[in-house]
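S.K.: Provided below are the primary sequence and the corresponding predicted coordinates.
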Amino acid sequence: MNEAWRRVALFVVPASATFIVLRSYLWFAPDTDLNVGAYNIHHLYTGLVVATIGGVPLAVFDSAANHRVVDLARVVFSVGLAMALDEWLYLIVTDGTNSSYSLPVSFWGGLFAVVLACAYAWLLVALGRRRSD
């Protein structure tokens with residue numbers, strides 16, 4: 001497998017798996033909440049923290065010198081981004097309740113956002129490969 005496609009796989013597979021696991025888990029346990037004091041912390045917000053933890057090393061480390069660290073950061077970033085994108089449209093167009101999370105607009109919005117991010121990663125590599133040929 002080409003190095004660029006391996007990197008795409010390290011982004012797409014965890015993002016897809018995160019969406020599937022989150023949606024499956026919250027389908028079977030819809031009233032699962034992370035509450036800190038009086039605040040309900042949606043996984044959009046924890047996803048942003050996770051994406052930041054993964055994204056900063058991607059911005060500052062040289063991938064050739066820190067291959068394993070950058071690969072791990074890529075996976076962590078992907079997981080966090082998928083968590084955030086899953087709730088992005090849901091929190092915009094619904095009242096943010098647990099019952100609204102199960103609405104079709106929430107599912108399709110989350111799926112569209114995660115698929116769009118994965119397609120964007122794939123497209124960038126495909127266009128980069130075309131230019132190098």
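M.R.: Thanks, I have it.

S.K.: now residue 113: closest residue in space, sequence neighbours ignored.
M.R.: With sequence-adjacent residues excluded and distances taken as CB to CB, 6 or more residues apart in numbering, residue 113 is closest to residue 85, at 3.8 Å. (Glycine included, C-beta is placed from N, CA and C.)

S.K.: show me where the chain has helices.
M.R.: For the chain, applying DSSP state H gives helices covering 3-28, 43-60, 67-93, 98-101, 104-132.

S.K.: what's the closest of those to residue 34?
M.R.: Residue 34 sits nearest to helix 43-60 of all the helices of the chain, at 7.0 Å, using CB to CB.

S.K.: helices or strands up against that closest one?
M.R.: Judged by 3 or more CB pairs under 8 Å, 6 or more residues apart in numbering; DSSP states H and E, the packing partners of helix 43-60 are helix 67-93.

S.K.: re earlier: report how many residues lie close to the residue nearest to residue 113.
M.R.: 25 (other CB atoms under 10 Å).

S.K.: lovely, talk soon.
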